[in-house]
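Q: 3D model of this:
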Amino acid sequence: MNLENTLYNFSGIVGKMSKLAKNKFLQYSLALMMTVTPVLASCGGASATSDQTTITDTGNNDDTTPPPANNPPTITSSPVTSVNENSAYSYDVDAIDLDGDNLTYSLTTAPSWLSINSSTGVISGTAPDLSSDTTADVTVQVTDGTDTVSQNYTITISDTGGGVSSENVSVLVKGFDSGAALSNIIFELLNTSYSCTTDSSGSCEIISVLPGNYEAQFRDNGAVYETYKSGTLQVNSTKASEGKLSDLEVRLIPAADRDFVNKILRYNSEIRKWSTKPIWDIYTTEYVSSTTVSQSLIDGVKDAIKNEMSEFYQQTFSDSDINIYDLSRPSGQPTDGHVKVYWDDNITGGWNTSYFSGNEIISAVAKFSTSEGKARFLEELGENLIGSGESNIYPSIFNNYTIYTSLQEKDSMLSEIIYGSYSRPTGNTSPDNNPSGTIFNAGN
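A: Modelled structure (predicted):
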């Protein structure tokens, strides 16, 4: 009788044990086989009273017998060969090793959605969404540190017809300068094949975009309009139902206007603006003479606030947003949320300053000499709304020649950039970061 073969014949029982129990059982059994060997009385067998041979230690420790050959592991389990799309897959690879060696499991061929636990042999993952049935080849290896065995199989992934639908994404691109539609602007989802180019109406559409988060960008190959810094576009059924993937309007800045924009709207290349609508406090007593200024000057400032400043700020300033005080202006910084306006004949022309919390304007001051009129009112009050400077590059109320008594074309562009529906956020630097309220809809 060969005990090793006898033990191996127990593999049907051993196969039902855990991996650890299998190896412990085999290790114990082989140790027992090597320690005590029953000697049979004859080839035909022996009775219970047959002679026994006892192995005696002779004191000779020389061992010229070569060590037994390594027994490779054996995979005893059958693979799971099918799974539905968007469903969990699991296959517990079972293997035994007659030498009781620790076994390590690995995948040498497998789709990216599968992984294996190197200690337990469990292969798991979630099958992807499909448009039709497909297959995936898998090779799993088991090693005892000396020998390695493999099992090859193929998984069939079935399309159940309940996959996630794709979405169409359409945009409308206009210029900040005139609001006109822009053609030949490329709208692209970076690192993908998704892109479209706007037509003469400024529109284009990308068809059948799979759900996901993409880096989106607008680009003018002619470099007439600036390229946005890329931003995150979320494509999913929720965004589609909210209308945030359809006819999304976006505005671009003319590259030629960058210098003008930087000089007027930006302080140290940062946009500064009011986060809440300010209150205008007008003090009618001239600072030097302590006399009340003319009603025409008071009405001129009020009209400039209610008309041109309302237009620029894109919110209406009414009488309820204007306080009239028949007093000389108080000293010190104005109350947060207020603009202090007064007359001071110590100066020639006009002057303004603003106070900030970060890049948010929290209060401001404007003053004029009594010899000034509407053009000066617009310049100083306008600068109160942007917390910034002036430029003579284009006709503008921010031109320090102060000859313009209404908003000019470039002033309307500045208004859109800083306070419009597609305005830049405070602190935004060149090149422009992600504008709020446009195609970049992450978190909206």
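
Q: what about the helices in the chain?
A: Ranges of helices within the chain are 3-8, 11-14, 19-35, 237-241, 258-265, 295-304, 310-313, 374-386, 409-419, based on DSSP state H.

Q: I'd guessed residue 389 sits against residue 267; true?
A: Yes. Here residue 389 reaches residue 267: they are 7.1 Å apart, a contact under CB atoms under 8 Å. (Glycine included, C-beta is placed from N, CA and C.)

Q: any idea which residue sits dead centre in this structure?
A: Closest to where the C-alpha atoms of the chain average out (CA atoms, centre = their mean) is residue 232, at 5.7 Å.

Q: confidence score at residue 213?
A: Looking at residue 213, its pLDDT stands at 88.

Q: tell me who's in contact with residue 308.
A: Listed by CB atoms under 8 Å, 6 or more residues apart in numbering, the contact partners of residue 308 are 378, 381, 382, 397, 406, 407.

Q: measure it to residue 277 for me?
A: 15 Å (CB to CB, to the nearest Å).

Q: now swap in residue 179 and tell me
A: 24 Å.

Q: ok, back up a step: between residue 389 and residue 267, which has more neighbouring residues?
A: Per other CB atoms under 10 Å, whichever of residue 389 and residue 267 has more neighbours is residue 267, with 17 against 14.

Q: now that one, which residues is it bridged with?
A: In this entry, residue 267 is beta-bridged to residue 270, by DSSP bridges.

Q: hmm, residue 97 is touching residue 144, no?
A: Yes. Between residue 97 and residue 144 there is a contact at 5.1 Å, judged by CB under 8 Å.

Q: mutual contacts of those two, please.
A: Contacts common to residue 97 and residue 144, judged by CB under 8 Å, 6+ apart, are 72, 73, 103.

Q: what's the neighbour count on the first one?
A: Other residues within reach of residue 72 by the criterion other CB under 10 Å amount to 17.

Q: how about it: what's its closest non-neighbour residue?
A: Spatial nearest neighbour of residue 72, chain neighbours left out: residue 147 (3.5 Å); criterion: CB to CB, 6 or more residues apart in numbering.

Q: surely that neighbour and residue 95 touch.
A: No. Here residue 147 lies out of contact with residue 95, judged by CB under 8 Å, at a distance of 11.5 Å.

Q: circling back: which of residue 97 and residue 144 has more residues huddled nearby?
A: residue 97 (24 against 21).

Q: list the contacts of the nearest residue to that one once chain neighbours are set aside.
A: Here the nearest residue to residue 97 in space, its sequence neighbours aside, is residue 73; by CB to CB, 6+ apart that works out to 4.4 Å. Shown in contact with residue 73 (CB under 8 Å, 6+ apart): 95, 96, 97, 101, 103, 142, 143, 144, 147, 149.

Q: buried ones among the residues you listed?
A: 95, 96, 97, 101, 103, 142, 143, 144, 149 (16 or more other CB atoms under 10 Å).

Q: and those, which two are furthest apart?
A: 96 and 143 (13.5 Å; CB to CB).

Q: test my guess that residue 402 contacts residue 376.
A: Yes. Under the criterion of CB under 8 Å, residue 402 makes contact with residue 376 at 5.1 Å.

Q: that older thread, ok, so of the contacts of residue 73, who is nearest residue 349?
A: Closest to residue 349, out of all of those and judged by CB to CB, is residue 143, at 86.9 Å.

Q: would you mind measuring from that closest one to residue 106?
A: 8 Å.

Q: anything in contact with each of residue 402 and residue 376?
A: 349, 350.

Q: give me the domain ranges for this structure.
A: Per automatic domain parsing, the structural domains of the chain span 1-40+71-163, 167-255, 273-387.

Q: follow-up on the earlier one: please name the bridge partners of the residue nearest to the centre of the chain.
A: Beta-bridge partners, per DSSP bridges, of residue 232: residue 215.

Q: could you measure it against residue 414, distance?
A: 27 Å.

Q: same thing with residue 253?
A: To residue 414, residue 253 is 10 Å away according to CB to CB.

Q: name the residue in those two with the higher neighbour count.
A: A direct count of neighbours by other CB under 10 Å for residue 253 and residue 414 places residue 414 higher, at 27 against 23.

Q: strands along the stretch 301-444 of the chain, start to end?
A: Per DSSP state E, counting those that start in this stretch, the stretch 301-444 of the chain carries strands over the ranges 322-328, 338-343, 350-357, 360-368.

Q: let me know which of the ones you listed is tucked in deepest.
A: strand 338-343 (a mean of 24; mean count of other CB atoms under 10 Å).

Q: which other residues reach it?
A: So strand 338-343 is contacted by 278-287, 293, 297, 301, 328-330, 334, 363-370, 381, 384 (CB under 8 Å, 6+ apart).
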